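Asks: 3D, please:
(2 chains)
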Number of protein chains: 2
Amino acid sequence: MEELVEQAVQDYYGEEIAWCYGCGRLNEKGHHFRTGWLTPGEKTVTYYQPKPEHTAIPGFVYGGLLASFVDCHSTGSASLALHYKNGHELGDGIEPPRFVTGSLHVDFLQPTPQNVVLKAIGKLEEIHPKKWKVLTEVYAGDILCVKGEVVAVIMPATFLKNK
Amino acid sequence: MEELVEQAVQDYYGEEIAWCYGCGRLNEKGHHFRTGWLTPGEKTVTYYQPKPEHTAIPGFVYGGLLASFVDCHSTGSASLALHYKNGHELGDGIEPPRFVTGSLHVDFLQPTPQNVVLKAIGKLEEIHPKKWKVLTEVYAGDILCVKGEVVAVIMPATFLKNK
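Replies: As a prediction, this is how the structure comes out:
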């Protein structure tokens, strides 16, 4: 039961920005990462069970999938944080802001076992009016496998020119 | 014609380590990234055409796919470099060494357009007997979209315990 995000920020993105391969609810082939508050205003969480094909060396999860997990968890976390700072909550009728990734850093502390639900926990820091730093720890069960640091940036309006 | 790697290091990995979702030739559902020399002993290259579903915001490539591309390009590049340093070349009957990712850093310089073949170009630096740093630039056509820095580590033998 604890492995469910009841209210995910990605559920509330506008339709034109809900196609991300990692976290877009409208991308049929994507991962559908869903990010919500673990502790409102403090810590965010995303769960994901990698698929059997998401392997690196057999038995361990592919690093690129872990990087993707950290990436979308972080942009979602930044969205949650700014929405919260602005006095909003999910479901109040105001769309949360959409962030994109400026930089992504992932440290692979130890191999991540397959066949386990992964949990990403994020902490947030506003570093600029348009940028948030998201520090993430990814656990497989109780094992801390990955640390991530992302600088998420409010999506420039120009990103929608290609829609 | 220039967008083909004729001899890729991933073609020569041993069967038990050729299942990576990013670059394993035996992973039917994976990306099949293939990395070879652009300039032998100096620069490596990997090409990839993202699929339509690999989207971030519509029109632009998903950052997690780009991180995956940099990741496997880098471990493949490190393998090529150490194999070369050891006096071997692909196809001489000696398996190239398998690297895993210690850390991955990606800077997204500008949005990466979809429907373009991507080209990752890597430069290598040995930083430890078991570690190589790989500096990568990812181009979409002539546009430099992404810079990557990976520390690749020779795969510990313990990784094969789960095979």
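Asks: where does chain A have low pLDDT?
Replies: Flagging of chain A using pLDDT under 70 yields the residue ranges A:1-2, A:161-163.
Asks: and the helices in it?
Replies: With DSSP state H, the ranges of helices along chain A come out as A:63-85.
Asks: contacts only, for the residue nearest to the spatial centre of it.
Replies: In chain A, the residue lying closest to the centroid (CA atoms, centre = their mean) is A:H73, at 0.9 Å. By CB atoms under 8 Å, 6 or more residues apart in numbering or on different chains, the contact set of A:H73 is A:F33, A:T35, A:T44, A:T46, A:A120, A:G122, A:V134, A:T136, A:G148. Just so you know, the C-beta spots here come from the backbone N, C-alpha and C atoms, and that holds for glycine as well.
Asks: try 10 Å this time
Replies: Shown here is A:H73, whose contacts under the criterion CB atoms under 10 Å, 6 or more residues apart in numbering or on different chains are A:22-23, A:33-35, A:44-48, A:118-122, A:134, A:136, A:138, A:148, A:150.
Asks: again, but for A:K133
Replies: For A:K133, the set of contacting residues under the criterion of CB under 10 Å, 6+ apart consists of A:74, A:78, A:102-103, A:123-127, A:149-152.
Asks: out of the contacts of A:H73, which touch chain B?
Replies: With the criterion set as CB under 10 Å from any CB of the partner chain, the members of the contacts of A:H73 near chain B are A:G22, A:C23, A:F33, A:G148, A:V150.
Asks: I'd like to know which of the contacts of A:H73 are buried.
Replies: Those of these that meet the buried threshold are A:22-23, A:33-35, A:44-48, A:118-122, A:134, A:136, A:138, A:148, A:150, by 16 or more other CB atoms under 10 Å in any protein chain shown.
Asks: tell me which residue of chain A is furthest from the middle?
Replies: A:P58 (25.1 Å).
Asks: narrow the contacts of A:K133 to those that are buried.
Replies: By the neighbour-count criterion of 16+ other CB under 10 Å, the contacts of A:K133 include these buried positions: A:S74, A:A78, A:G102, A:S103, A:L124, A:E149, A:V150, A:V151, A:A152.
Asks: surely the third one meets B:F108?
Replies: Okay, so that is A:G102. Yes: contact criterion CB atoms under 10 Å: A:G102 and B:F108 qualify, at 6.1 Å.
Asks: what's the overlap in contacts for these two?
Replies: A:V151, A:V153, B:G63.
Asks: the first one contacts A:D71, correct?
Replies: This means A:V151. No: between A:V151 and A:D71 there is no contact, the gap being 11.3 Å when judged by CB under 10 Å.
Asks: quick check: neighbours shared by these two?
Replies: Shared contacts of A:V151 and A:D71, defined by CB under 10 Å, 6+ apart, are found at A:T101, A:L104, A:V134, B:F108.
Asks: most surrounded residue in these?
Replies: Counting neighbours by other CB atoms under 10 Å in any protein chain shown, A:L104 comes out on top of the shared contacts of A:V151 and A:D71 with 29 neighbours.
Asks: ok, and the closest non-adjacent residue to it?
Replies: The shortest distance from A:L104 to any residue other than its chain neighbours is 4.7 Å, reached at B:V106 (CB to CB, 6 or more residues apart in numbering or on different chains).
Asks: for the one you found, name its beta-bridge partners.
Replies: With beta bridges defined as DSSP bridges, B:V106 has these partners: A:L104, B:G148.
Asks: contacting residues for A:G24?
Replies: Under the criterion of CB under 10 Å, 6+ apart, the contact list for A:G24 reads A:10, A:13, A:15, A:17-18, A:30-33, A:72, B:53, B:55-58, B:62.
Asks: give me that answer again for 8 Å
Replies: Contacts here follow CB under 8 Å, 6+ apart; on that basis A:G24 touches A:Q10, A:Y13, A:I17, A:A18, A:G30, A:H32, B:T55.
Asks: backbone dihedrals for it, please?
Replies: Note on A:G24: backbone dihedrals following degrees, to the nearest 10 are phi -80, psi 130.
Asks: one more: A:D92?
Replies: Main-chain torsions, A:D92, degrees, to the nearest 10: phi -90, psi 10.
Asks: okay, now it: neighbour count?
Replies: A count of neighbours around A:D92, defined by other CB under 10 Å, yields 10.
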